[in-house]
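Asker: Predicted structure and sequence below. I'll ask about it afterward.
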Amino acid sequence: MILFIDTHAELITIALKNKDKLYIKTKESEYSHSVFTMPMIEEIFKENKLDVKDLNKIIVVNGPGSFTGIRIGLSIAKTMAYALKIDINTISSLTAYLVSNNTNEKRKAVIEDNKGFYISVFDENNNVLVPEYYSEEDNEDYPQVEEKLDVEKIIDYCSNMKSENPHFVKANYIKKIEVEK
């Protein structure tokens, strides 16, 4: 069974894939990820009569996005993976958008913040054409995908990834924070 956690934006998405069934919970949360994320995870297990002990993998979105939201999702995912001794994989929000909007053409994902743009480009086969970067301008001339997630496609995309060590899972901060400058 696979647990998916996404807290990078205002919409929290929690999903469980158990064999051929996919259960999804979402909640709009403006600055309250810490209040809702763990209860949502508990609820999705309880509502579907599933046991956390049956988990064998966690997939977590590691950003870019809400600084605090990402840290909450990652902390929960890392703790659960370590405590349960199960696989963990990260996927960036840009990659998640690109995979979710697989249109069999070159395409870009863009997340705008108040000073610039996070950008990545995939080719028609879901291969990275332009690696993720941060810029003050969006100068990539490709069709832009919607900021929407298709959890089933994301889980499929991550299914053959090598597991990461939970201790080394980090947030995806494309631009340097002020302290690093």
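Answerer: In hand now; what should we look at? Predicted model only: the values in this text are computed from it and were never measured.
Asker: just how off-centre is the longest helix along the chain within its chain?
Answerer: Scanning the chain for the longest helix, with DSSP state H as the assignment, gives helix 67-84. Centroid displacement of helix 67-84 relative to its chain, using C-alpha atoms, centre = their mean, to the nearest Å, is 12 Å.
Asker: ok, now stretch 33-41?
Answerer: Distance, centroid of stretch 33-41 to centroid of chain: 16 Å (C-alpha atoms, centre = their mean).
Asker: which parts of that stretch are buried?
Answerer: Buried residues in stretch 33-41, counted by 16 or more other C-beta atoms under 10 Å: H33, F36, T37, M40, I41. (C-beta placed from N, C-alpha, C; glycine too.)
Asker: swap in stretch 49-58?
Answerer: L50, L55, K57, I58.
Asker: Which residue ranges of this structure form helices?
Answerer: Under DSSP H, the chain gives helices at 33-47, 67-84, 93-100, 151-158.
Asker: How about residues contacting the longest helix of the chain?
Answerer: Residues outside helix 67-84 that contact it (C-beta atoms under 8 Å, 6 or more residues apart in numbering) are 3, 5-9, 12, 31, 33-34, 37-38, 41, 52-53, 55, 58, 60-64, 86-88, 90, 166-167, 169-172.
Asker: So which of those are in strands?
Answerer: When DSSP state E is applied, these are split such that L3, I5, D6, I12, I58, V60, V61, D87, I88, T90 fall in strands.
Asker: Nearest to A96 among the residues you listed?
Answerer: Here the nearest of those to A96, counting by C-beta to C-beta, is V61; it sits at 5.7 Å.
Asker: Now do the residue most central in space within the chain against I91, distance only.
Answerer: Compute the mean C-alpha point of the chain, and by C-alpha atoms, centre = their mean the closest residue is V61, 2.0 Å away. V61 is 6 Å from I91, where distance means C-beta to C-beta, to the nearest Å.
Asker: Also E112?
Answerer: 20 Å.
Asker: same question, D123
Answerer: Applying C-beta to C-beta, the value for D123 to I91 is 18 Å.
Asker: pLDDT (mean, whole number) over stretch 16-31?
Answerer: The average pLDDT for stretch 16-31 rounds to 95.
Asker: tilt between the longest helix of the chain and strand 2-6?
Answerer: For helix 67-84 against strand 2-6, the angle by axes from the mean of the first three to the mean of the last three C-alpha atoms, to 10 degrees is 160 degrees.
Asker: in helix 67-84, what counts as buried?
Answerer: G69, I70, R71, I72, G73, L74, I76, A77, K78, M80, A81, L84.
Asker: tilt between it and helix 33-47?
Answerer: Going by the same axes, to 10 degrees, helix 67-84 makes 40 degrees with helix 33-47.
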